[in-house]
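1. mind looking at a prediction? Sequence and model below.
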Amino acid sequence: MGLAKVDPLIGVTVRSAIVAAGLFLLTFLMGKGRELIELDGKSIFLFGASGVIAGLLGMWTYYGALKMGATSKIVPIAACYPLVTAFLSILVLKEGVTFQRVIGTALIVSGIWLVK
């Protein structure tokens with residue numbers, strides 16, 4: 001069975017399980033196990049939420065898009081996360097709008113438009 005025939009959810013599951021095992025091994029080998037065990041509930045929730053959003057939903061939709069379309073179009077569009085980050089930093093974190101940010105955002109949008 002080729003990669004193109006694998007269900008995106010299965011791909012995310014295999015990828016995440018291997019990454020999780022590697023991270024646990026690395027964490028304990030580097031002597032950070034106690035820090036992991038003593039992590040507070042709020043931090044666990046926030047890291048977990050970001051994992052569900054980026055790790056699960058993000059990768060699942062990314063693999064689904066790769067299965068449906070041309071990689072040369074999907075990957076550049078998926079790489080536009082700095083655009084989302086710029087908007088969220090203004091809306092959520094109340095960061096200021098700078099000339100450099102506007103130019104950078106315009107370049108991202110231009111790049112996405114060029115590959116469509």
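-> Yes, it's here.

2. need the residues that contact the helix ranked longest in the chain.
-> Selection of the longest helix in the chain by residue count, based on DSSP state H, yields helix 8-29. Here helix 8-29 makes contact (Cβ atoms under 8 Å, 6 or more residues apart in numbering) with Leu3, Gly33, Leu36, Gly55, Leu56, Met59, Trp60, Thr61, Tyr63, Gly64, Leu66, Lys67. (C-beta placed from N, C-alpha, C; glycine too.)

3. pLDDT-wise, which helix or strand of this protein ranks last?
-> Lowest mean confidence among the helices and strands of the chain (mean pLDDT, DSSP states H and E): helix 71-78, at a mean of 81.

4. gap between the most centrally placed residue in the chain and Tyr62?
-> Nearest to the mean C-alpha position of the chain, counting by Cα atoms, centre = their mean, stands Ala54 at 4.1 Å. To Tyr62, Ala54 is 10 Å away according to Cβ to Cβ, to the nearest Å.

5. go on, Val6?
-> 14 Å.

6. neighbour-wise, which of the two wins?
-> Tyr62 (17 against 13; other Cβ atoms under 10 Å).

7. from Ile77, how far off is the more buried one?
-> 10 Å.

8. check Ile10 too.
-> For Ile10, the distance to Ile77 - Cβ to Cβ - is 23 Å.

9. try Gly11
-> Counting by Cβ to Cβ - Gly11 and Ile77 are separated by 19 Å.

10. for these two, indicate the residue with more neighbours.
-> Taking neighbours as other Cβ under 10 Å, Gly11 and Ile77 compare with Gly11 leading, 18 against 14.

11. if I pick Val115, what's in contact with it?
-> The neighbours of Val115, taking Cβ under 8 Å, 6+ apart as the test, are Ser72, Lys73, Pro76, Ile77.

12. nope, Trp60 is what I was after
-> So Trp60 contacts Pro8, Leu9, Val12 (Cβ under 8 Å, 6+ apart).

13. redo those residues as a markdown table? Include distance to Gly41.
-> Converted to a markdown table, the contacts of Trp60 look like this (distance: Cβ to Cβ, whole Å):
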| residue | distance to Gly41 |
| --- | --- |
| Pro8 | 31 |
| Leu9 | 28 |
| Val12 | 26 |
